[in-house]
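K.L.:
no FASTA, just this:
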């Protein structure tokens, strides 16, 4: 009887060991991808911050509210969400956190989703939320150029009055151990009144800015650039977050496997010892 | 000579940060020069050569797309691509030109493909001319 149980335990140890090898390998792959993604985040972050700052400053100094992109479209209630998730699972809470955050934000609103990442496309497809395009569902192969074409598509749709608002939901890469899902309003851009209400009233008067060739033209040209930059920045953050989340999830999985192997080996030794003891007792008793 | 603080950042990272004496970029309506004390200005950029004078030295770069903003004397150049003349890969630019021309000659190409090819052709020509001038 004892012999059967030692064999069973041995099998379980063997299967745990192969699981451990897989999780270990996945961790190492994620760690090397993370290094690359982290470098990309660090490169893209100044751009993201600068372009956001430039638009913020312009909006703050602008008093002409008839310019394009400054107003929510009144004819529609539809909000367009750009949601960034991964292509694959096994990344801890990465996908579910960002998708849940996006889904909660959408409650009670008329939403359309532009998914980036296969998991995002599947999630919203399953819940019957209309998808704007599945062209960018493959998050791993979305390039800078794609970000700018997404931005142009969104801007065109916004100007033609299809959406009253455009928002983005992604994961910010705080550190290797912390990633947070975040939502950001992309369009319409904040007006001077919004910014002053947020920052508190200050003495700065609206400066006279020279727009070349004309304010309208400038806004039409720079807002898609701005949007593309922000989307690219969010994509870099999301990618790094995904790898970081996967790395720590796989690290935990490897540790759990190790712990389990240790317990099982202990049990195996006990069972083996018990079998030997029993055999000796039988021999002694028999003679 | 009076200088002004300048930052040049692209999605690939920070390209320049520090004091500059003069910056000339190709805006949508033509070349535009910025020196210290410039009035507040915002303009989208076209495709062309950018000239930067800093520390008495002149440097050229291919600067494509993006935004130039001057606010409170601080100049921020946020192009989509920005390559210093000495960093331009001429062979790559020439290869891109050939590919783009091939697509433009292809009668089966869709309008989207044509538009992309046209943009690619312009970019590669800008790169080549900047690399040529810098020699």
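P.N.:
Right, received. Where do you want to start? This one's a predicted model, so the numbers in the text were calculated from it and none came from an experiment.
K.L.:
Nearest spatial neighbour of residue 38, chain-adjacent residues omitted?
P.N.:
Chain wasn't specified; assuming chain A. Counting by C-beta to C-beta, 6 or more residues apart in numbering or on different chains, residue A:240 is the residue found nearest to residue A:38 once chain neighbours are left out, at 5.4 Å. (Glycine included, C-beta is placed from N, CA and C.)
K.L.:
Not quite, go with chain B.
P.N.:
In space, residue B:38 is closest to residue B:70, 5.1 Å off (C-beta to C-beta, 6+ apart).
K.L.:
what about the one you found, neighbour count?
P.N.:
Number of residues near residue B:70 (other C-beta atoms under 10 Å in any protein chain shown) recorded here: 22.
K.L.:
So residue A:89: helix, strand or coil?
P.N.:
coil (DSSP: H, G, I helix; E, B strand; the rest coil).
K.L.:
Now do the contacts for it.
P.N.:
A:95, A:119 (C-beta atoms under 8 Å, 6 or more residues apart in numbering or on different chains).
K.L.:
That one and chain B, how far apart?
P.N.:
Going from residue A:89 to chain B by C-beta to the nearest C-beta, to the nearest Å gives 29 Å.
K.L.:
Any chance of the backbone angles for that residue?
P.N.:
Phi and psi for residue A:89, reported as degrees, to the nearest 10, are phi -90, psi -150.
K.L.:
Show the pLDDT at it.
P.N.:
What the model reports for residue A:89 is a pLDDT of 85.
K.L.:
how about the residues of chain A near chain B?
P.N.:
When proximity is defined by C-beta under 8 Å from any C-beta of the partner chain, chain A lies next to chain B at A:43-44, A:46-47, A:50-51, A:53-54, A:57-58, A:61, A:144, A:148, A:207-213, A:217-218, A:221-222, A:225-226, A:228-229, A:232.
K.L.:
Nearest to chain B: which residue in the stretch 1-150 of chain A?
P.N.:
residue A:43 (4.0 Å; C-beta to the nearest C-beta).
K.L.:
what helix or strand is that residue on?
P.N.:
Using DSSP states H and E, residue A:43 falls within helix A:2-61.
K.L.:
now the helix or strand following that helix: how far from the chain's centre is it?
P.N.:
Once helix A:2-61 ends, the next helix or strand along the chain (criterion: DSSP H and E) is strand A:78-84. With C-alpha atoms, centre = their mean, to the nearest Å as the basis, strand A:78-84 stands 14 Å off its chain's centre.
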